[in-house]
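Sequence and computational prediction follow.
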Amino acid sequence: MNSQSTMRFFHTKGADFRAIFISMAPSINEAAQKISLHPYLTFHFGENVVSAMLVAGLHRQAFGEVFHLNTKKYFDPMIVESRSIGIWRASAKALPALAEIQEMSDIHEDLATAFLHVTRFDKSGKILAKGSIQSQGTSIPDLYAWYLLQSEQVHTHLQVSLRLKDSAGGIEVDKAYGLLIEALPGVGENKKFILSDNLSRIKNLCEYFESGEKDNLDLLDDIFPGEQWIQSDEVKVRYECGCSAEYYTSKISALPAEQIEELMNGADQTVECGFCDQKYIIRYEDLKH
Ligand SMILES: [Zn+2]
């Protein structure tokens, strides 16, 4: 496996299944550094980003998607905004209780209180779909799979595997893999059973790729022997905030006139990007009003 961050798209020859595979440790580390991520959040932040990118990959016809995840105790919120071309940005706000956690498993327990809010939008920012879901367990990837089942009635297998390592700056992500497999409508129950049975044997993608002898297609062949998987696309996954003064000017301009007045108070104002903390001065006269 190479060290670049990539998202690859596959489907079976008979078009019964489609799959998305992600490998994105370098991109997650880059983001963690940029947003000064709380080290205790590294694992869950990584899981959340990979899960969000898998779902965004499934919705490639949309321009982008925002995933907003919050729990009662430790983070409120973690946000991932992903674009279908593989660019993403994220933020993670730690709550004070995070400083007192004893073990990472405390965070898992807190995930039982999690809410996930998803908004899909087109190029002009128009909302295409919106949904919210409450956690049914203590796993972030399961929450995303649950969201897909509830919102689209499609059975999706979503597997995310992360490994951390110590680094000079503290903790960083060593490996981050994600796999999403979707059975397309009309696929028989027996085929679905084989798939989930074989998948349950591959518990950990980091271990699966450890020897370096297996690649994505080996993985898909092991999950569904006898199917011919075809790679249809590959995109580079890149962390990039993408904010600018123009971006915020156009966003504010799109608000109703009263809201613009309330926000600007008739003068130039400073706005701070919620993702990267960059500050911009928005000129009142540049706004359409
Ligand atoms: Zn920014």
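Everything's here; your move. Residues are numbered from 1 along each chain as shown.

neighbouring contacts of the helix or strand hosting residue 82?
Taking DSSP states H and E as the criterion, residue 82 maps to strand 75-83. For strand 75-83, contacts defined as Cβ atoms under 8 Å, 6 or more residues apart in numbering pick out 41, 44-45, 48-49, 52-53, 56, 63-70, 88-95, 98, 274-275. Glycine gets a C-beta too; all of them are placed from N, C-alpha and C.

measure residue 24 to residue 156 for me?
Applying Cβ to Cβ, to the nearest Å, the value for residue 24 to residue 156 is 19 Å.

So which bits of the chain are right by the ion?
For the chain, the residues in contact with the ion (Cβ under 5 Å from the ion) are 241, 243, 273, 275, 276, 278.

Using a markdown table, lay out those together with secondary structure.
Listed next are those as a markdown table, based on DSSP: H, G, I helix; E, B strand; the rest coil:
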| residue | secondary structure |
| --- | --- |
| 241 | coil |
| 243 | coil |
| 273 | coil |
| 275 | coil |
| 276 | coil |
| 278 | coil |
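
out of those residues, who has the most neighbours?
If you count neighbours using other Cβ atoms under 10 Å, the busiest of the residues of the chain next to the ion is residue 241, which has 21 neighbours.

Which residue, other than its chain neighbours, is closest to it?
Once flanking residues are discounted, residue 241 sits nearest to residue 276: 4.2 Å by Cβ to Cβ, 6 or more residues apart in numbering.

Would you list the phi and psi of the one you found?
As for residue 276, its main-chain torsions (degrees, to the nearest 10) stand at phi -120, psi 0.

And the contacts of stretch 241-255?
With contact meaning Cβ under 8 Å, 6+ apart, stretch 241-255 is reached by 34, 87, 89, 125, 260, 263-264, 271, 273, 275-276, 278, 280-283, 286-289.

which secondary structure elements does the helix or strand where residue 194 lies contact?
Residue 194 is part of helix 189-201 when elements are defined by DSSP H and E. Other helices and strands packing on helix 189-201, by 3 or more Cβ pairs under 8 Å, 6 or more residues apart in numbering; DSSP states H and E, are strand 156-167, strand 170-183, helix 216-223.

most tightly surrounded among the ones you listed?
The highest mean neighbour count among those, using mean count of other Cβ atoms under 10 Å, belongs to strand 170-183: a mean of 21.

What residues does the most centrally placed residue in the chain make contact with?
Nearest to the geometric centre of the chain sits residue 52, at 2.1 Å (Cα atoms, centre = their mean). Taking Cβ under 8 Å, 6+ apart as the criterion, residue 52 is in contact with 65, 67, 80, 82, 88, 144.
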